[in-house]
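what would the 3D arrangement of this be:
(one chain, ligands or ions: 2)
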Amino acid sequence: MYPMRHTRLKPEIPVLAPQQRAGVLLPLPLAGAYDYKLPVGVNAARGALVAAPLGNRESLGVVWGAAEGTVGDNRLKIAEPLEGAPSLPSSLCDFIDWVAAYTLNPPGAILAMALRSRQAFEPETRRIAYVKGDLVPSRLSEARKRVLAVAEDGLARSVAGLAEDANVSPAVVRGLIAARALKTTDLPEFQPFATPDPDFTVRDLGADQAQAAVALTDAVARGNFSASLLDGVTGSGKTEVYFEAVAEALRRDRQILILLPEIALTMQFLERFAARFGVKPAEWHSDLTQKERRRTYRAVMRGEARVVVGARSSLFLPFTELGLIIVDEEHEQAFKQQDGAVYHARDMAVVRARIEDCPIILSSATPSLESHANAINGRYVHLTLPARHGAAAMPAVRIVDMRQEKSLDENSKWLSQPLRDAITQTLAAGEQAMLFLNRRGYAPLTLCGACGHKLTCPSCSAWLVEHRYKKRLACHQCGYEIAAPQTCPGCSATGTLLACGPGVERVAEEFAHFFPQARYAIASSDTIQMPPHTGPLETQGPLRAMAKGDIDVLIGTQIMAKGHHFPNLTLVGVVDADLGGSDGDLRARERTFQLLHQVSGRAGRAEKPGLVLLQTRNPADAVMQALARGDRDGFYAQESEFRQRAGAPPYGRLAAIIVSGYDGDAVREIARQLGKAAPAAKDVKVWGPTPAFYALLRGQTRERLLVQAAKGVDVQAYLKAWLALVKIPNSVRATVDVDPISFF
Ligand code: ADP
Ligand code: ZN
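Ligands and ions are numbered 1, 2, ... in the order given. So this is what the prediction gives:
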C-alpha cells in the first residue's frame, strides 16, 4: 500500500504515555490547541488525525502536542482516532506552527489550509471493473467478439472503458456481463499517478545553462537546505535548467513541488513538463474538483505523486519525501495571499525548504528586490543566465514620447504613428505583434460631460469599468455590474456619458480601425478562462490562436505577459507604460519595471530579432531609461539605494494593520484607538491611521496603519503587544499583514 522509499530520519516524536490527554488542533481560527482525551493505546503522536467533538458537532482535528492540563479530566471530551487515516507529517505540523507565528494567524487557520481535502482521510472506496470471465457464450456477435478480444489482455476496465475500446455500445458489454463472459474485479478509487521519467528526453545545454544545472543538481544531491536564485534573462532557458534539478530529485526518489504564480500558466506548463518527463505532473489549485483534490492529496501524502505543480496553496500539501521546491516567476505578486490568512508563498516556501531540509530554487528574469539582495549578499546562491538560448537576442527597446507625438488625434488616441508603422512592418513581414495594456474592458471611467458625475461602485471606492462588448459597467473589486446606462444617474441628461481612458477593448477598436485586415484577439481575464468555467477546448483560446499562428496580433493585459513563448512574435507595443505609476507605493517602480520587462521579454524569442516600443509621458523616468538601455542591474542598484535610504524592505521591515468593517464609524474609532495606543519602541515608527486606497471595499470601510521597523526588530512581538492594548469589537476586524507588498 505504501511504497517503500528512501525516507530520511526525522526526530522521533515521543508517543504520549497511554493516557490519553493531548492538545488537539482544529482547523478553525481558535486561539490554539484544545485538550482532549484519547482512548488508551491509540496513536497519539503529533500529526495523528482524530474526530473531535466540538459543541454539538464533530470536527476533524490533529494531535498537536501534550495537553495543557488546565481543565479537569472529567470535563474533557474524547477525541476518536480516524481509523486507517495516515498522519500529517510532523514537518508539516512544524511548518504550520511557523507560518502561524510569523503571520500572526491562529495555527488552526493555517491548519485549515493544510486540510483542504478532508475527504482524503476517509476510507478509500473501490471501483468496480471487469475482466474476462469463465464462460464463453455460444452465440457471439461481431460486437461481442470485439469486446472479448479487448478483454484478452487481462486489464481491468469499466463498462464505458470496454465499450469505448471495442467501439461497441455499453449494452453489448452489459450483455456479456449477464452471460458471465465478463466478471467483476475492483480497482483503486482513483487512477494512480504515473511516475515522471527523468531521462524521457535529454537536452543539450549551453555552457551557462550547464553550469547552472550542475550547481542545482549538486544541491539536490547534497539534499540539505540551500536556496538558489536562478536569475536569467527571458528566454534564457531557466525552465530547462531547473528541469535538470527536477530530474535529479526524481532519480533520488524525492518528491518535488513546483510553485507557479497563476493557474492560467499551469496548462501550458503541464504540457511542457510532459514533453520533458513523459507524463504530466499532479496539479493543485483552486479549480480542482473535490474528487481531484482527494485523489491528489492522498497521492501526495503516500508519496505516489512525485511531482506537484501548483498555485500557492500547494505549499501546504502533506509531502512526506519532499526533496526540492521550485518557485517560478518568484517576483510575482500573485504569490502573496491577501484574503484570509495573509502570507507570501515565496517566503514561506523558503521556510518550508528549511524545515524539510531540502534545496529551493527561485527563478525569475526580474527577481524581487528581496531575493536579489539575498543573492548579492551571498545568502542565496546566485546563478545567472545572461543570454537567450540559441540564436535569439534580447529585443531592442525604444521609447515613444507621447507628449511630443503629433500623430495623436480623435481617431488615433492610443496608437502613435511610430507604433502603427512598426505594426505595419511586422505584419508585412508575416510576423506577429502584441499590444499590451494592463487594463481590462473598454474604458476605466465613465463621466457625464454635462454635470461631471462619475459612475462609481456603491460598495467600493472604485470607478465602474465599461465593458462594451457586454454593454455593461462593472466594478473590478467586487464584481458589481449594471447595464450601461443611457442617461446620467446624476443629472438625468441623455447622451452625455463619456468613456474616459483606454482599456484593451478600446485599443482593439482603434487597432481594427487602422488595420481592418489584420487578424487579432483580445486576451484578458474576461476572455481567457480556466476549466471548469469553460470546456477544455475553450481554454486560453486567444493564446493558443497566437501560438498556432491563427491570429497576427494579440491585444491584452498582463495575463499574456508571463511565461508564454510565441516564436513568431517580434513586436511588443506597450500602449501606456506609465500605468503602474511611480508615485503610488514603495514597490510601484519595482513592479512597473518587472511587468514591462516581462512583457518586453515576449518579443524576439526565436531567430527573428524583436522590437519593443514603450509609449510614455515620462521618458526621463528611471524605469523607462533602464528598460530602454537594457540596464536591469543599474535599475536594481538604484532602487536598492533608494530603499536603503528609506529604511524600506529589504533593508528594513514593514507590517500593516488593516482595520475593516461595515460600520464605518466603528472602524475609524478602532483605528484611531490603535493609532493612539501604538507603544513607543526603539527603531519602530508607526504611521496612520489613514483611509486605505480602497477606503470602501465590498461595503466595508478600511483604515490602515503601517509599522516601519529596523531589520533586527521582532515585529511580531511588537504587533502582539500592541494589539493586546485595544479591545476590538466583533463588528470590526483587524487584519495583520507582515511584509506587505501592496498598500491597497
Ligand atoms: P525562460 O524560462 O528563461 O524564459 P525557457 O526555459 O522558456 O526560458 O526557454 C526558452 C525557449 O528556448 C523554450 O522554447 C525552450 O524550450 C528553449 N530552450 C532553452 N534551452 C534549450 C536547450 N538547451 N535546448 C533546446 N531548447 C532550449
Ligand atoms: Zn465594487
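
which ones are touching the residue of the stretch 601-744 of the chain found nearest ligand 1?
Nearest residue of the stretch 601-744 of the chain to ligand 1, counting by C-beta to the nearest ligand atom: Arg605, 6.3 Å away. C-beta here means a position set from N, CA and C on the backbone, and glycine is covered the same way. Counting by C-beta atoms under 8 Å, 6 or more residues apart in numbering, Arg605 makes contact with 234-235, 388, 392, 565-567, 569.

phi, psi of the closest residue to Tyr520 other than its chain neighbours?
Nearest non-adjacent residue to Tyr520, counting by C-beta to C-beta, 6 or more residues apart in numbering: Val553, 4.0 Å away. Torsion angles at Val553 (phi, psi; degrees, to the nearest 10) stand at phi -130, psi 130.

kindly report the same for Phe642.
phi -60, psi -40.

quick one, what contacts it?
Contacts for Phe642 (C-beta under 8 Å, 6+ apart) come out as none.

quick check: the residue nearest to Tyr520 touching Phe511?
Yes: using C-beta atoms under 8 Å, Val553 is in contact with Phe511, at 6.9 Å.

about what we covered before: how far away is the residue nearest to Tyr520 from ligand 2?
Note on Val553: its distance to ligand 2, by C-beta to the ion, to the nearest Å, is 32 Å.

any idea what that residue is bridged to?
Beta-bridge pairing of Val553 under DSSP bridges involves Ala433, Tyr520.

re the thing from before, nearest spatial neighbour of the residue of the stretch 601-744 of the chain closest to ligand 1, skipping sequence neighbours?
Nearest residue to Arg605 in three dimensions, chain neighbours excluded: Gly235, at 4.5 Å (C-beta to C-beta, 6+ apart).

neighbours around that neighbour, how many?
Gly235: 24 surrounding residues under other C-beta atoms under 10 Å.

right, and it touches Ala603 too?
No: the criterion here is C-beta under 8 Å, and Gly235 misses it with Ala603 at 9.7 Å.

who touches the residue of the stretch 301-450 of the chain found nearest ligand 1 in this structure?
Residue of the stretch 301-450 of the chain nearest ligand 1, by C-beta to the nearest ligand atom: His389 (3.6 Å). Contact analysis of His389 by C-beta under 8 Å, 6+ apart lists 206, 209, 235-237, 240.

that one belongs to a helix?
No: secondary structure of His389 (DSSP: H, G, I helix; E, B strand; the rest coil): coil, not part of a helix.

look up how far Gly232 lies from it.
His389 sits 9 Å away from Gly232, taking C-beta to C-beta, to the nearest Å as the criterion.

lowest-confidence one in the contacts of Arg605?
In terms of pLDDT, His565 ranks lowest among those, with 80.

work out for me the element it sits within.
Using DSSP states H and E, His565 sits within no helix or strand.

that one against Gly235, yeah?
Yes: between His565 and Gly235 there is a contact at 7.5 Å, judged by C-beta under 8 Å.

which residue of the protein lies farthest from its centroid?
Ser138 (59.2 Å; C-alpha atoms, centre = their mean).

that one sits in which helix or strand?
Using DSSP H and E, Ser138 sits in no helix or strand.

also Thr266?
helix 266-277.

buried sites along that helix?
For helix 266-277, burial by neighbour count (16 or more other C-beta atoms under 10 Å) applies to 266-270, 272-273, 276-277.

same deal with stretch 578-596?
Applying 16+ other C-beta under 10 Å to stretch 578-596 flags 578-580, 587-596 as buried.

got any ranges where the stretch 401-550 of the chain has weak pLDDT?
Along the stretch 401-550 of the chain, the parts satisfying pLDDT under 70 run over 528-540.

report the secondary structure state of the residue of it found nearest ligand 1.
In the stretch 401-550 of the chain, the residue that lies nearest ligand 1 is Ala547 (11.3 Å; C-beta to the nearest ligand atom). For Ala547, the secondary structure call by three-state DSSP comes out as helix.
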